[in-house]
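Enquirer: Prediction below, plus the sequence it came from.
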Amino acid sequence: MTAPQHTITVDDLTGPAIAALLQEHVDEMRGISPPESKHALDLDGLRRTGITLWTLHDGDHLLGCGALKQLTPTTAEIKSMRTARTAQRRGVASALLTHLIAEARHRGYTDLYLETGTDPFFAPARTLYTRFGFVTCPPFADYRPDPHSIHLTKNL
């Protein structure tokens, strides 16, 4: 049996597969979080200056994505972490998060931040981030205190 050929590359956000995965992400977040607590970026939001999105593929199959949004010259936020439903529990999020942390270090960031939900749906994400050394922190950047959000940070 041949091992999967996972590749992680910067995505130009023009393909139908990434558009569909991100739309699924935004739609799901809208269904779980109240409008004022939804912080998922759509395609246009991810095309802004200072944001880079990577995708993880197994051959031609898109399995997941994750982005870095520069906040300051030394800090960044993780955005749009998403694993395709068909690829969950296969290490996709761990591989992407490992890549994002390495890229953040390569770029000279000293701290990474992220926001995720407090709903039980987000428990696997919170577990993943904790396993990678993220700890709770006060709201950062433009975030405000919100009972539906938890803010996390990791010193690099």
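Expert: The structure has been received and is ready for your questions.
Enquirer: can we go C-alpha only for contacts and neighbour counts from here?
Expert: Noted.
Enquirer: hey, where'd the strands end up in the protein?
Expert: Using DSSP state E, the strands of the chain run over 6-10, 51-58, 61-72, 75-83, 111-117, 135-136, 149-155.
Enquirer: Going by neighbour count, which residues of stretch 106-118 are buried?
Expert: When neighbours are counted by 16 or more other Cα atoms under 10 Å, the buried residues of stretch 106-118 are found to be 109, 111-118.
Enquirer: circling back: would you reformat the strands of the chain as a markdown table and include mean pLDDT and distance to Glu24?
Expert: Rendered in a markdown table, the data for the strands of the chain read as follows (pLDDT from 0 to 100; distance: least, Cα to Cα, whole Å):
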| stretch | mean pLDDT | distance to Glu24 |
| --- | --- | --- |
| strand 6-10 | 94 | 20 |
| strand 51-58 | 96 | 15 |
| strand 61-72 | 96 | 12 |
| strand 75-83 | 96 | 9 |
| strand 111-117 | 96 | 17 |
| strand 135-136 | 98 | 27 |
| strand 149-155 | 97 | 20 |
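Enquirer: okay, those strands in TSV with distance to Gln23 next?
Expert: Formatted as TSV, the strands of the chain follow (distance: least, Cα to Cα, whole Å):
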stretch	distance to Gln23
strand 6-10	18
strand 51-58	15
strand 61-72	12
strand 75-83	11
strand 111-117	17
strand 135-136	28
strand 149-155	21
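Enquirer: Out of those strands, flag the one nearest Glu36.
Expert: strand 149-155 (10.5 Å; Cα to Cα).
Enquirer: Going by neighbour count, which residues in the closest one are buried?
Expert: Within strand 149-155, the residues scored as buried using 16+ other Cα under 10 Å are 149-154.
Enquirer: Likewise for stretch 126-140?
Expert: Judged by neighbour count (16+ other Cα under 10 Å), stretch 126-140 contains these buried residues: 126, 129, 134-135, 139-140.
Enquirer: now swap in stretch 23-36 and tell me
Expert: Neighbour-count burial for stretch 23-36, counted by 16+ other Cα under 10 Å, picks out 23-26, 29-30, 32-33.
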